[in-house]
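Participant: Build me a model from this:
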Amino acid sequence: MKYSYGFVLLFFLCCEMFLPIKGWTQTTSPEVFYFTGNQRPLRQTIFREPLPGEGLKVGRVQIHPFLGTAEVFTDNVFRTKTNREYDFLTAIAPGIQANLPFGGRHSFLLDYRAAQLLYARFNENNVYAQHGLGHLKLDFPGGLKFDFQGGRIDGFDPRGSEVDIQERDITKWRIHSFLSQAVVSGRRGSIRLRSLYADLHYKNNGQAPIRDRKRVSGNLTVFLNATPTISGFLGARIVNITYDDNKQLDSFSYGGITGFRLAPSRLLSGDFRIGYTILNFDRAPVQQPPGSDLSSGGKQQKALTMWGNLNWRPTSRFFLTISPFRTITQSAVFDTATFVRTGVRMQAKHQLTNRLHVRGRVNYENADFEGSREDNRILTRIGLGYRTVEWLGFRVDYIFGKRFSNESRFENYSNSIMVSVQALL
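Facilitator: As a prediction, this is how the structure comes out:
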C-alpha cells in the first residue's frame with residue numbers, strides 16, 4: 001500500500017514539473033456518464049452546443065472525441081429501505097462530436113454519446129445508454145436565427161428516482177425527438193418561438209402499455225431589454241400529451257410565464273422565470289376493471305411553476321450556481337396521474353491551483369404526488385479534480401443520497417465513492 005501512495009505522489013509531482021498547461025479555465029470532459037439516465041425524458045429542450053477547445057481539424061470540420069471511465073462503489077445499489085445490497089460499478093462512456101461551420105455564421109453539429117454501466121454483483125442493473133443528435137443552426141444578418149435539432153435517446157429510470165418502480169430489472173426506454181426554434185432579435189428586444197415533438201417508448205418491465213406516449217409542445221416568448229444587461233420577458237406555453245393505450249391520461253395544458261434574464265457580466269449571469277400552468281385531462285376519471293394496469297385518470301390540476309439558473313463569479317477562481325425549480329409532471333405509475341416537483345440545485349467550484357480544484361453540489365427536491373404520497377430527497381456530492389494536461393483530468397467524488405417519504409417503502413439512503421478519468425480532445 002505504501003508503494004501505491006508513493007507512486008501516486010510521484011505521478012502528480014511529475015505532472016506539475018514536466019507537463020505544460022495552458023491556463024486552468026478549460027475544463028476536461030463534460031459529465032457524460034455520472035448517473036447516466038433521465039427520469040424526465042420528455043423535457044429535451046436544450047440545444048447542443050460545440051464543445052470547448054480546438055479539437056481535431058479535418059478540413060473545415062472540428063472534431064472532438066472524448067472518453068470517460070469511472071469506478072464506483074455504492075452501499076445501496078437498489079435504493080431500498082431494507083435488504084440493502086452493495087455493489088461495484090464500472091462506467092465506460094465514449095463520445096464524439098463534429099461541428100461544421102458554413103456560410104459565415106451557420107453551422108451543423110453531430111453529437112453522439114454513450115455509456116455502458118456494468119455492475120459486479122447484480123448484472124440486472126447493467127444498462128447501455130446512448131444519445132445521438134444533429135443540430136442545424138442558421139444565423140442570418142439582421143437578427144434572424146433558426147435552430148433545428150433531432151435525435152434519439154436510449155435511457156432508463158435511475159434507481160431512487162420519482163418513477164423508479166423498484167423492479168430488479170431496471171426500467172429502460174427509448175425516445176425520438178425533434179426540437180425547433182426561431183428567434184428575431186432587435187435593439188429593444190427579441191421574440192422566440194419554440195416547439196418540441198417527442199415519442200417515448202418503454203422497452204421492458206411491461207411498462208409500454210401503461211407509459212408509452214407522445215408529447216407536442218410550443219411556447220412563444222417576448223423579451224424586452226430594460227438595460228444593456230437586464231431584459232424582462234413574457235410568454236405563453238401549450239402542451240399536448242397523448243398516450244398510446246392509457247387513454248385516460250391524455251391531457252392538454254397551457255399557461256403563462258414571466259421573468260428576467262441577466263447578460264453575462266463580471267459577477268452575475270443567468271435567468272429566472274415564474275409561471276402558472278393549468279392541466280386538463282381529455283377524459284373524466286373512470287374506474288378500471290380489476291386486474292387492469294391502465295390508469296383511472298385524474299382531475300384538473302393547477303400549479304405555480306418556476307425555473308431559474310443564476311451564476312455568481314466573485315473571483316476568477318470561484319463560481320456558484322443556484323437553480324430553483326417547480327414543475328408539474330404527469331405520471332402513469334403508483335396510482336397517480338400527476339406530481340409536482342419543487343426544489344433547488346446548488347453547485348460551486350473553487351480552483352485551488354492551476355491543476356487542482358474542489359467542487360460540491362447539493363440537490364433538494366420535494367415530490368408531491370396526486371393522492372397521498374409525498375417524498376423529500378436530498379443528494380450531495382463533493383469531490384476533487386486534477387488535470388494533468390489540457391485534455392486529460394481525474395476526479396474523486398463522494399456522493400450521499402437520502403429520500404424521506406410518507407410511504408415507508410420509498411425511503412432509502414446510500415453512500416457512493418467514485419473515481420473517474422475524463423479525456424477530451
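
Participant: mind listing the helices in the chain by residue range?
Facilitator: 2-18, 208-211 (DSSP state H).

Participant: Can you flag the weakest of those helices by average pLDDT?
Facilitator: When these are compared on mean pLDDT, helix 2-18 scores lowest, with a mean of 51.

Participant: Show me what Leu193 is bridged to.
Facilitator: Per DSSP bridges, the residues bridged to Leu193 are Ala182, Leu220.

Participant: Now for it: which residues touch it?
Facilitator: In this structure, Leu193 makes contact with Gln181, Ala182, Val183, Gly218, Asn219, Leu220, judged by Cβ atoms under 8 Å, 6 or more residues apart in numbering. Bear in mind the C-beta positions are built from the backbone N, C-alpha and C, glycine included.

Participant: quick one: pLDDT of the third one?
Facilitator: Each residue has a pLDDT score; the one for Val183 is 96.

Participant: if I pick it, what's in contact with it?
Facilitator: Applying Cβ under 8 Å, 6+ apart, we find Val183 in contact with Gly143, Leu144, Lys145, Phe146, Ser190, Ile191, Arg192, Leu193.

Participant: same thing with Asp169?
Facilitator: Glu124, Asn204, Asn205.

Participant: okay, it: pLDDT?
Facilitator: 89.

Participant: And it, its phi and psi?
Facilitator: Main-chain torsions, Asp169, degrees, to the nearest 10: phi -90, psi 120.

Participant: roughly how far apart are it and Asp147?
Facilitator: 37 Å (Cβ to Cβ, to the nearest Å).

Participant: coming back round to it: may I see the contacts of Asp169 organised as a markdown table, with pLDDT added?
Facilitator: Compiled in a markdown table, those are given as follows (pLDDT from 0 to 100):
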| residue | pLDDT |
| --- | --- |
| Glu124 | 90 |
| Asn204 | 90 |
| Asn205 | 88 |
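
Participant: Check these for burial and list the buried ones.
Facilitator: Burial by neighbour count, judged by 16 or more other Cβ atoms under 10 Å, picks out Asn205 from these.

Participant: Let me have the contacts of Asp169 in a markdown table, extended by distance to Leu136.
Facilitator: Rendered in a markdown table, the data for those read as follows (distance: Cβ to Cβ, whole Å):
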| residue | distance to Leu136 |
| --- | --- |
| Glu124 | 40 |
| Asn204 | 34 |
| Asn205 | 36 |
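
Participant: Run through the strands of the stretch 301-425 of the chain in chain order.
Facilitator: Secondary structure of the stretch 301-425 of the chain by DSSP state E, counting those that start in this stretch: the strands cover 301-315, 318-330, 338-351, 356-369, 374-389, 392-405, 412-424.

Participant: Tabulate those (TSV), appending mean pLDDT and distance to Lys214.
Facilitator: Shown next, in TSV, are those (pLDDT from 0 to 100; distance: least, Cβ to Cβ, whole Å):
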stretch	mean pLDDT	distance to Lys214
strand 301-315	93	20
strand 318-330	93	12
strand 338-351	94	18
strand 356-369	94	23
strand 374-389	91	27
strand 392-405	92	30
strand 412-424	90	33
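
Participant: Next, format those as a markdown table and append distance to Phe102 and mean neighbour count.
Facilitator: Formatted as a markdown table, those follow (distance: least, Cβ to Cβ, whole Å; neighbours: other Cβ atoms under 10 Å):
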| stretch | distance to Phe102 | mean neighbour count |
| --- | --- | --- |
| strand 301-315 | 31 | 16 |
| strand 318-330 | 33 | 17 |
| strand 338-351 | 35 | 18 |
| strand 356-369 | 36 | 17 |
| strand 374-389 | 31 | 18 |
| strand 392-405 | 31 | 18 |
| strand 412-424 | 24 | 19 |
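
Participant: Dump these into CSV; add distance to Gly104 as well.
Facilitator: Listed next are the strands of the stretch 301-425 of the chain as CSV, based on distance: least, Cβ to Cβ, whole Å:
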stretch, distance to Gly104
strand 301-315, 30
strand 318-330, 33
strand 338-351, 35
strand 356-369, 37
strand 374-389, 34
strand 392-405, 34
strand 412-424, 27
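
Participant: out of those strands, nearest to Glu71?
Facilitator: Using Cβ to Cβ as the measure, strand 412-424 is the one of the strands of the stretch 301-425 of the chain that comes nearest Glu71, at 5.2 Å.

Participant: Packing partners of the closest one?
Facilitator: strand 61-74, strand 392-405 (3 or more Cβ pairs under 8 Å, 6 or more residues apart in numbering; DSSP states H and E).

Participant: could I get those as CSV with distance to Arg359?
Facilitator: Supplementary listing: the helices and strands packed on strand 412-424 in CSV, determined by distance: least, Cβ to Cβ, whole Å:
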stretch, distance to Arg359
strand 61-74, 16
strand 392-405, 9
